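Visitor: next comes the sequence, and after it the predicted model I'd like to discuss.
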Amino acid sequence: MKKYLEMFLSFFRIGAFTIGGGYAMLPLIEKEIVDKKKWIERNEYLDMLALAQSSPGPVAVNTSVFVGYKIAGMPGVVATVLGSVLPSFLIILIIASIFVGIKDSVVVERVFKGIRPAVVALIAAPVVRMVKSEKLNRKTIFIPIVVALLVAFLDVTPVILIMVAAVAGNLYKRERKGEKHR
C-alpha cells in the first residue's frame, strides 16, 4: 500500500505544480521516476515516452499508464493516473467556479501571457534531452527535422509518419542483421 501511495503522491505533485499541460509534465516525470526514485532506467523511460506519444490520448496520462504498469501493474496504473489527473481536475473545477468573475481581468490576461514562454521552455526541455540521449549525428539529424517540417508546414498527419518510421526501423534492423550474418 505504501508503494501505491508513494506513486500517487509523486504523480499528484507533478500534476499539481506543472503549468502547460502534458508535455510540460514530461521532464518532471522523468526527473522524479528516473533520477530521484530510480524506478525506471532512462532508456526505458524514453521508450515509454515514444510509445505514449504515439498512443491516442494525452501524453502525460499515457506516460503515467506505462510507468504505473511497469512499476506495479494495474494497481500502479490506477495510482499514477489518478495522481496525474486529479490535480488538474480539481484546479479546473476551482478555476471554473471563479473564472466567470475574473475572465476579463487585465491582470489575469497578463499572468497567462507571462506563463507562455515558461511553458515553451518546459516543452522544449524533453526534446533536447531526447536528442542528446539518441546521439543523433550528421547522418541521422535530418530525420527529426524532416518529420517536424512535414507535420508543421505540410500538415502530414503524425500517425502516417509514425507508421512509416516503424516500418523503416524494422527494415533497417532486418538489413543490419543480414549484414552481420554475411
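Guide: The structure has been received and is ready for your questions.
Visitor: where does pLDDT dip in this structure?
Guide: Confidence mapping of the chain against pLDDT under 70 gives the ranges 20, 179-182.
Visitor: go with 80
Guide: 18-23, 99-104, 122-123, 125-141, 176-182 (pLDDT under 80).
Visitor: where does the spatially most central residue of it land in three-state SS?
Guide: With distances taken as Cα atoms, centre = their mean, Leu26 lies nearest the centre of the chain, 4.2 Å away. Put simply, Leu26 is helix when judged by DSSP: H, G, I helix; E, B strand; the rest coil.
Visitor: ok, now which ones touch it?
Guide: By Cβ atoms under 8 Å, 6 or more residues apart in numbering, Leu26 lies in contact with Leu49, Val59, Ala60, Thr63, Pro126. C-beta coordinates here come from the backbone N, C-alpha and C atoms, glycine included.
Visitor: burial count for the second one?
Guide: So that's Val59. Val59 has 18 neighbours, counted by other Cβ atoms under 10 Å.
Visitor: what's the longest helix along the chain packed up against?
Guide: The residue-count maximum for a helix in the chain (DSSP state H) belongs to helix 59-102. Counting by 3 or more Cβ pairs under 8 Å, 6 or more residues apart in numbering; DSSP states H and E, the packing neighbours recorded for helix 59-102 are helix 2-16, helix 22-30, helix 42-54.
Visitor: for Phe112, find the nearest of these.
Guide: For Phe112, the closest of the helices and strands packed on helix 59-102 is helix 22-30, at 14.2 Å, according to Cβ to Cβ.
Visitor: quick revisit: show me which pair in the contacts of Leu26 is furthest apart.
Guide: Maximum pairwise distance in these, criterion Cβ to Cβ, is 11.2 Å, between Ala60 and Pro126.
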